[in-house]
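Peer 1: model this:
(3 chains)
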Amino acid sequence: MNRPLFGLILGGLVGLFDGSTAYATAPELRPELFGIVLGSSFKGLVGGLVTGFVARRTGSLGFGVVVGLVIALMLALPIAYQNANHYDNTSYYWKIILPGAVTGMIVGYATVRYGRRSEPASG
Amino acid sequence: MNWMSDDAMDHLRRVSGHDESDDSYGPRYDVQDEIARGGMGTVFRAYDRKLDRVVALKVLHEAQAGASAQARMMQEARILAQLEHPGIVPVHDVGALDDGRVFYAMKLVQGNRLDHYVRDRPSLRERLRIFERICEAVAFAHANDVIHRDLKPGNIMVGPFGEVLVMDWGVAKILGTDEAATMVLEPGSPPAAAGEPGSTHVGTVLGTPGYMAPEQAEGRVDLVDRRADVFALGKILGELIDEASTSPPRRLVALQRKASATRPEDRYSGVEQMVNDISRFLENESVSAYREQWHERAGRFVWRYRAPIALILAYLAVRALVLFFAGS
Amino acid sequence: MYESRDRFPATRHSVVHAIGADDPDVRREAFDVLIASYWRPVYKYLRLRSGMNDDAARDATQGFFASMLERDFLQKFDAGRAKFRTWLRRGLDAYVANERKAASRLKRGGSIPHLSLDFEDAEGELQYHDIAVDADVDEFFHREWVRGLMITSVDELRTVCEQTGRTTEFEIFQRYDLVEDGERPTYVELADRFGVKESKVTNSLHSMRKRFRTTVLDHLRALCVDGEEFEAESRALFGPPR
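Peer 2: Just a heads-up that it's a prediction; the model follows:
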């Protein structure tokens, strides 16, 4: 499987799972769970796809991890900002950004490690 | 000078008339320093005037220039010519010097003997990578039905970029050919009796004590097959491991022991199986030579997947952290 | 053909032609070369083939070469008909037959111009000859001629080496290539003896052999009538050029 597709699928699954954990970790948000899971999955899909695309030719796991981290941070930051504002609670920053960063790293690592590398010649 | 015998005249006419020279070049090879001396011949550095390059000439010892020694030298050259592989030294030319000594010209290998090369390379991993390359060259020869029969660190050269060249195929055998004439154990001649340690025996038993498989040392020509080379490789591997580590991993030790087992049937059936195990060891996978306990297997699993495991654990830790502080 | 001829520089002009030169000095010099190359074969031929005793053979050798000068003998040589060597040998036969007839009429003795030739030496060499083996007349004559050519060339090579400081090289050559009985030392033994590397031995031998060959061919060229004969003779001597 090529890396963008692999990233897309893995990112989606990890996002789905990560979003679902809110059911346990934030019981007060259960009514909004559907929206959270949907948003998290979407974030994972986008993050995985972009990570897979950026890292489609690298052989370096470290690079994959960093790319996954950076993209996850870029996607998590606006969401955290929005939540922090909406609920007037700055703890949302790290509650959202920290797990998002680690999932981004996982997706970045796995994409490089298990996704098929694109050959430069064949594009 | 008053007289010249017919013998001298005929000799002079022969040697001054046509050596291999062309008047514009002189002899093709300008023989220079001695590089190495073995049981069968001496290797000289030589300059090839025709192609303007430096080569190595392996020249038969004069004292042994009997028909069988010459035939073996020619066979070595022919075998080398058949084995075109980056790990096997390429042969360029064969011929005879003016005095009739047979020689062959080969690539002059720039590098170090294996045992010297690894002295300042303590990394087991690096050593095993080099060992893999040795095995690949030998496996290639085996695939072409040639067994080396005298593998030892002194016959393996490692170039500056870690490229490996297996040398000295003087006692190599083409499987399926009869060679009772060149390798017969005479009754009562102990195989390891003569010669300095580490030197190749020529005569009754061919090979080098310490690296020679038992069946080969006993002169059981009929039993010597690819597994004799596996044995020698096992011995070489043993030295590489011992010098690199005081407590080598059990899987590697088992692998080495299997390769150098006394009975051929206990060894790897071929070099490919052995190199496969080496590769698996380097990839942290299980090897065929060693039955693991469950905790060893688990430990290897964890080590092998340490990066994803660490990432997942990090995620769980973060989640636990979030959960813990959620209430506050 | 042109190329291989060119490889042996013609440092000496053909003696056979020079013998017919107008300049007496040139003629004399050419004659000396001819005698130097042929007197031994002639003497031995007379001793072993014509059944002369040593005195008679000496006189006949002297006389034969003298008659060559006197009678413009060499100018009758026709290159197209025979090899110079063969023709010379036949001339010798004719001379001997003639002399035997004349001997009964006239004793020529004193009128023979005396050439300084080392007959004692040549006489000593006769012990080496196996007459039964040297059966063919032309072959015998040829072989002796080659022997003379090689001996002269070795001497010349020695002189040149002594003058140019190559005595070790020459000695290696002498001890390896000039051994009489075929019991050659090994390269290693020679290297030890002269305190040099084995490679020095092989290189010396090669360069000496090459020089030797060049020297022999120089002489040979001088003794041949034309390039064609030279080609044939050098090929007979050393085998075809490779």
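Peer 1: any idea which helix or strand comes after the lowest-mean-pLDDT helix or strand in chain A?
Peer 2: Using mean pLDDT, DSSP states H and E, helix A:22-25 stands out as the lowest-scoring helix or strand of chain A, at a mean of 80. Later in the chain than helix A:22-25, the nearest helix or strand by DSSP states H and E is helix A:33-54.
Peer 1: list the buried ones in that next one?
Peer 2: Residues A:36-37, A:40-54 are the ones in helix A:33-54 that count as buried (16 or more other CB atoms under 10 Å in any protein chain shown). For the C-beta atoms, the positions are set from N, CA and C on the backbone; glycine is no exception.
Peer 1: returning to what we had before: right, is the least confident helix or strand of chain A up against chain B?
Peer 2: Yes: on the criterion CB under 8 Å from any CB of the partner chain, helix A:22-25 is in touch with chain B at A:Ala24, A:Thr25.
Peer 1: list the buried residues in the helix or strand hosting B:Gln75.
Peer 2: Per DSSP H and E, B:Gln75 falls inside helix B:67-82. Neighbour counts over helix B:67-82 (16+ other CB under 10 Å) mark B:Ala69, B:Gln70, B:Arg72, B:Met73, B:Gln75, B:Glu76, B:Ala77, B:Ile79, B:Leu80 as buried.
Peer 1: for the last one, what are its contacts?
Peer 2: If I follow you right, that is B:Leu80. B:Ile88, B:Val89, B:Pro90, B:Val91, B:Tyr104, B:Met106, B:Trp169 (CB atoms under 8 Å, 6 or more residues apart in numbering or on different chains).
Peer 1: can you tell me the residue of chain A closest to chain C?
Peer 2: Closest approach between chain A and chain C, counting by CB to the nearest CB: A:Gly59, at 50.2 Å.
Peer 1: my guess is A:Thr58 contacts A:Val112, does it?
Peer 2: Yes: using CB atoms under 8 Å, A:Thr58 is in contact with A:Val112, at 6.2 Å.
Peer 1: those two: who's more crowded?
Peer 2: Under the criterion of other CB atoms under 10 Å in any protein chain shown, the comparison of A:Thr58 against A:Val112 puts A:Val112 first, with 26 against 16.
Peer 1: give me the spatial nearest neighbour of that one, chain neighbours excluded.
Peer 2: Nearest residue to A:Val112 in three dimensions, chain neighbours excluded: A:Gly64, at 3.1 Å (CB to CB, 6 or more residues apart in numbering or on different chains).
Peer 1: helix or strand right after the helix holding B:Gln75?
Peer 2: strand B:91-96.
Peer 1: near chain B, which residues of chain A?
Peer 2: Contact residues, chain A versus chain B (CB under 8 Å from any CB): A:21, A:24-26, A:61, A:91, A:95, A:98-99, A:102-103, A:105-106, A:109-110, A:113.
Peer 1: what's the PyMOL syntax to select whichever of those are buried?
Peer 2: Those of these that count as buried under 16+ other CB under 10 Å are selected in PyMOL with:
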select buried, chain A and resi 21+25+26+61+95+98+99+102+103+105+106+109+110
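Peer 1: number of nearby residues for the residue in chain C that chain A sits nearest to?
Peer 2: Residue nearest to chain A within chain C (CB to the nearest CB): C:Ser199, separated by 50.2 Å. Applying other CB under 10 Å, we find 19 residues neighbouring C:Ser199.
Peer 1: any idea how far it is from C:Leu190?
Peer 2: Distance from C:Ser199 to C:Leu190, counting by CB to CB, to the nearest Å: 12 Å.
Peer 1: now the helices for chain A?
Peer 2: For chain A, the helices defined by DSSP state H cover A:3-20, A:22-25, A:33-54, A:61-87, A:91-114.
Peer 1: lowest mean pLDDT across those, which one is that?
Peer 2: When those are compared by mean pLDDT, helix A:22-25 comes last with a mean of 80.
Peer 1: who does that one touch, helix- and strand-wise?
Peer 2: For helix A:22-25, the packing partners by 3 or more CB pairs under 8 Å, 6 or more residues apart in numbering or on different chains; DSSP states H and E come out as helix A:33-54, helix B:306-326.
Peer 1: for B:Ala244, give me its contacts.
Peer 2: Neighbour list for B:Ala244: B:Val118, B:Pro122, B:Ser123, B:Leu124, B:Arg127 [criterion: CB under 8 Å, 6+ apart].
Peer 1: still on that earlier bit, may I ask which two of the contacts of B:Leu80 are separated the most?
Peer 2: Spanning the widest gap among those are B:Ile88 and B:Tyr104, at 13.7 Å by CB to CB.
Peer 1: before we move on, the earlier item: find the nearest non-adjacent residue to the residue of chain C closest to chain A, please.
Peer 2: Closest to C:Ser199 by CB to CB, 6+ apart is B:Val31, at 4.3 Å.
Peer 1: got it, and C:Ser207?
Peer 2: With CB to CB, 6+ apart, the residue lying closest to C:Ser207 is C:Glu169, at 6.6 Å.
Peer 1: re earlier: distance to B:Met157 added to the helices and strands packed on helix A:22-25, as JSON lines?
Peer 2: Below are the helices and strands packed on helix A:22-25 laid out as JSON lines (distance: least, CB to CB, whole Å):
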{"stretch": "helix A:33-54", "distance to B:Met157": "44"}
{"stretch": "helix B:306-326", "distance to B:Met157": "37"}
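Peer 1: as a markdown table, those helices with distance to chain C would be great.
Peer 2: Rendered in a markdown table, the data for the helices and strands packed on helix A:22-25 read as follows (distance: least, CB to the nearest CB, whole Å):
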| stretch | distance to chain C |
| --- | --- |
| helix A:33-54 | 62 |
| helix B:306-326 | 58 |
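Peer 1: shaky segments in the stretch 1-150 of chain B?
Peer 2: Applying pLDDT under 70 to the stretch 1-150 of chain B flags residues B:18-27, B:62-65, B:98-100.
Peer 1: let's see 90
Peer 2: Applying pLDDT under 90 to the stretch 1-150 of chain B flags residues B:1-44, B:46-53, B:59-76, B:78-80, B:82, B:94-103, B:109-112, B:115-123.
Peer 1: pretty sure B:Gly159 contacts B:Gln110?
Peer 2: Yes: at 6.1 Å, B:Gly159 counts as touching B:Gln110 under the criterion of CB under 8 Å.
Peer 1: circling back: closest to C:His206 out of the residues of chain A next to chain B?
Peer 2: A:Leu61 (61.9 Å).
Peer 1: my guess is the closest one contacts A:Val112. True?
Peer 2: Yes: applying CB under 8 Å as the test, A:Leu61 and A:Val112 come out as touching, 5.3 Å apart.
Peer 1: for chain B, which residues are neighbours of chain A?
Peer 2: Chain B comes close to chain A at residues B:307-308, B:311-312, B:314-315, B:318-319, B:321-323, B:325-326, as judged by CB under 8 Å from any CB.
Peer 1: need the contact list for residue 50.
Peer 2: Picking chain A for this. A:Gly7, A:Ile71.
Peer 1: chain C is the one I meant
Peer 2: Taking CB under 8 Å, 6+ apart, one finds C:Ala57, C:Ala60, C:Val96 in contact with C:Ser50.
Peer 1: in the stretch 101-250 of chain B, what residue spans correspond to strands?
Peer 2: Ranges of strands within the stretch 101-250 of chain B are B:102-107, B:112-113, B:146-147, B:156-158, B:164-166, B:173-174, based on DSSP state E, counting those that start in this stretch.
Peer 1: same list (those) but as CSV, adding distance to chain C and mean neighbour count.
Peer 2: Shown next, in CSV, are the strands of the stretch 101-250 of chain B (distance: least, CB to the nearest CB, whole Å; neighbours: other CB atoms under 10 Å in any protein chain shown):
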stretch, distance to chain C, mean neighbour count
strand B:102-107, 11, 21
strand B:112-113, 23, 16
strand B:146-147, 31, 24
strand B:156-158, 22, 23
strand B:164-166, 24, 24
strand B:173-174, 30, 18
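Peer 1: closest to A:Gly12 out of those strands?
Peer 2: That would be strand B:164-166 among these, by CB to CB, at 47.0 Å.
Peer 1: how about residues contacting that closest one?
Peer 2: Strand B:164-166 is contacted by residues B:87-89, B:109, B:111, B:114, B:130, B:133-134, B:137-138, B:141, B:148, B:151, B:155-159 when judged by CB under 8 Å, 6+ apart.
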